[in-house]
Every structure is written in C-alpha cells, then in structure tokens.
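Peer 1: Just to be clear, the model below is a prediction. Sequence and coordinates:
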Amino acid sequence: MPEPVRFFDGTPPRVIAHRGLARGAAENTIGAFRAALDAGADILETDVHGSADGVAVICHDDDLSRIAGVADPVEALPMRELLALELVHGGRLATLAEALSEFPDARFNIDIKTDAALSPTIDAIRDAGAEPRVLVTSFGQRRRRRALRALTGAATSASTPGAFLAVIGTRLRLPALVRLGLRAVDAVQIPRRHRGVTVLTPSFVRAVHDAGREVHVWTVNDPDEMREVLSMGVDGIVSDRCDLLAAVLAESSRRDAPATDGRENHLKGD
C-alpha cells in the first residue's frame with residue numbers, strides 16, 4: 001500500500017499557489033487549481049466559508065460582489081444556489097470536498113475564514129481522509145486550534161498572535177519568545193511587510209529555523225522579489241503566479257548545478 005501524501009513532503013523551497021493559478025480560470029476554482037498543478041505548484045493555497053446549509057465552499061471573500069457580481073454574503077446562500085452562480089472570470093464555485101476528491105494527491109493549504117466554515121471544513125477533510133496532506137490555518141487562533149483538535153495528523157501554521165510573538169522575539173533577540181509563539185505549529189506564514197513595517201528579514205528566517213519551523217511568505221508575484229526572498233532562505237512562497245515562481249526555482253537549480261567539463265561528459269558516454 002503506498003504511503004499517504006504528506007503536506008511537508010519534498011524539499012523546500014515550496015511553490016504555493018495562491019488561490020490556484022487564475023490564468024484563463026477564476027481564482028479558487030477547479031480550473032485554477034488544475035492550472036497551478038500543471039504549472040509546477042507544490043501546494044494549493046485556498047480559503048473556505050460555510051454555505052447556509054453547512055457545506056464548506058471554496059471562496060476568499062465574505063460576499064460575492066467581486067467574483068460573481070452578486071451582493072449576497074457567501075454564507076447567506078445554500079450550496080445549490082452558490083454552485084449555480086457564474087463567476088465574473090468564468091467557472092463556478094467549488095466545494096472543498098470536490099477539490100479534495102478531484103486532486104487526491106495534491107496538498108492543500110486551507111484558511112478557515114469564519115466560525116461557520118469550521119465544522120464543514122473538518123467534515124470535508126475527514127471524509128476525504130486528507131488530514132496528512134493538508135495544512136489548516138486561520139487568522140483566528142481559537143478557530144485554528146479547534147480545527148487541529150479535530151484533525152489528527154493535519155499540519156498548521158501560526159495564527160496572528162503566534163506570528164506576532166515570533167517577530168517580536170526576533171527583534172528582541174529572545175529565542176524563547178520565538179519558540180513560544182511557534183509552539184504546536186509547523187510553519188509561520190507572513191507577508192513581507194505589514195502596514196509599512198518590514199516583517200520578513202534574514203534574522204527572522206534564522207530565528208524560525210532555529211525553532212524548527214518553516215517560513216512561508218505571501219504574496220510574492222514579481223520574479224526579482226521572488227529571488228530576493230529566496231536568498232533569505234524562506235521555505236515557501238505563496239504566489240498568484242506560481243508559473244513564474246516555478247520558473248525562477250528552475251533557473252536557480254540550473255545555476256547551482258555542478259558544472260561538468262567535456263572530458264567527464266565524454267567518459268560518461270563511453
């Protein structure tokens with residue numbers, strides 16, 4: 001029997017597709033996820049709300065105005081009505097259960113947006129037997145912890161309070177404070193800057209690594225900026241352009257590959 005796919009399989013840095021790859025398909029749709037995987041994504045980052053009838057629906061925004069031109073809150077409509085909507089950029093909404101089933105070997109980074117999404121998300125992950133291949137997180141620490149208690153084997157990243165402690169601990173040079181902020185998590189996922197303040201620094205990456213955790217930075221779409229944050233040693237980049245990120249990593253791999261001279265190549269061919 002093959003080993004189950006696990007979220008942290010493979011070697012960093014990880015290509016984390018932010019809401020899939022919206023090139024010809026709307027964000028957070030089955031088409032966007034398929035495009036991301038085809039472009040070289042390691043992990044699909046997505047968001048979940050709960051429908052009015054208690055189904056985990058993949059959607060970032062609280063309401064449907066930006067993606068579907070409808071003013072209703074996502075959680076005010078039953079799944080039947082949500083699935084019938086035509087999205088502005090094409091495609092339709094999907095349930096979390098559908099995405100986990102459609103891509104049984106894919107790893108998912110799932111942000112639980114509201115309390116109404118909590119139980120439906122847990123049910124979808126459990127029903128799919130997907131605990132080993134998901135990372136569940138939330139800006140709300142209580143919500144994240146409740147999800148983790150119900151999903152044995154799932155990975156997680158720090159909520160806002162834990163990430164804040166890790167940043168402060170780094171600035172004060174207090175490793176114990178960094179470890180406190182990151183206890184019982186596997187990674188910290190942060191923006192490069194927040195409200196004009198630089199969050200991601202080489203010293204922060206070192207401090208998190210010393211605590212035995214990964215650093216993922218979001219959301220980086222420019223190739224030059226990708227190269228810059230990779231030079232700091234980050235373990236993953238969350239990007240709207242996972243295709244560009246995969247190309248940057250391939251370029252770096254070619255550059256770092258050991259050179260061989262003509263004689264060695266000739267001997268290998270004999």
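Peer 2: Received it, and whenever you're ready, just let me know what you need.
Peer 1: next structured bit after the strand or helix carrying Glu98?
Peer 2: Following DSSP states H and E, one finds Glu98 within helix 96-102. Next along the chain after helix 96-102, taking DSSP H and E as the criterion, comes strand 107-112.
Peer 1: Show me what that next one is packed against.
Peer 2: When contacts are defined as 3 or more CB pairs under 8 Å, 6 or more residues apart in numbering; DSSP states H and E, strand 107-112 packs onto strand 43-50, helix 96-102, helix 118-128, strand 134-137, helix 141-150. Placement of C-beta: from N, CA and C, glycine included.
Peer 1: Could I get the full set of helices for this structure?
Peer 2: Applying DSSP state H to the chain gives helices spanning 30-38, 65-68, 79-84, 96-102, 118-128, 141-150, 160-171, 175-181, 202-210, 223-231, 242-256, 262-269.
Peer 1: what angle do the longest one and helix 223-231 make?
Peer 2: Computed with axes from the mean of the first three to the mean of the last three CA atoms, to 10 degrees, the direction of helix 242-256 lies at 60 degrees from that of helix 223-231.
Peer 1: what residue ranges in the chain score low on pLDDT?
Peer 2: For the chain, the stretches flagged by pLDDT under 70 are 1, 259-270.
Peer 1: and if we set it to 90?
Peer 2: By pLDDT under 90, the low-scoring segments of the chain are 1-4, 23-25, 194-197, 252-270.
Peer 1: what's near enough to touch Ala17?
Peer 2: Phe33, Ala36, Leu37, Ala39, Ala41, Ile43, Leu44, Glu45, Ser239, Cys242 (CB atoms under 8 Å, 6 or more residues apart in numbering).
Peer 1: Same list (those) but as TSV, adding distance to Ala130.
Peer 2: Output for the contacts of Ala17, formatted as TSV (distance: CB to CB, whole Å):
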residue	distance to Ala130
Phe33	14
Ala36	17
Leu37	16
Ala39	22
Ala41	17
Ile43	13
Leu44	12
Glu45	15
Ser239	23
Cys242	21
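Peer 1: Among those, which one lies nearest to Phe164?
Peer 2: Nearest to Phe164 among the contacts of Ala17: Glu45, at 21.1 Å, using CB to CB.
Peer 1: any idea how far the residue nearest to the closest one when sequence neighbours are not counted lies from Ser157?
Peer 2: Nearest residue to Glu45, sequence neighbours excluded (CB to CB, 6 or more residues apart in numbering): Asn109, at 4.3 Å. For Asn109, the distance to Ser157 (CB to CB, to the nearest Å) stands at 8 Å.
Peer 1: neighbour-wise, which of those two wins?
Peer 2: In this view Asn109 and Ser157 are compared by other CB atoms under 10 Å, and Asn109 has more residues nearby, 27 against 24.
Peer 1: ok, now which ones touch the more buried one?
Peer 2: Per CB under 8 Å, 6+ apart, neighbours of Asn109: Ile16, Ile43, Leu44, Glu45, Thr46, Val134, Leu135, Thr137, Ser157, Gln189, Val238.
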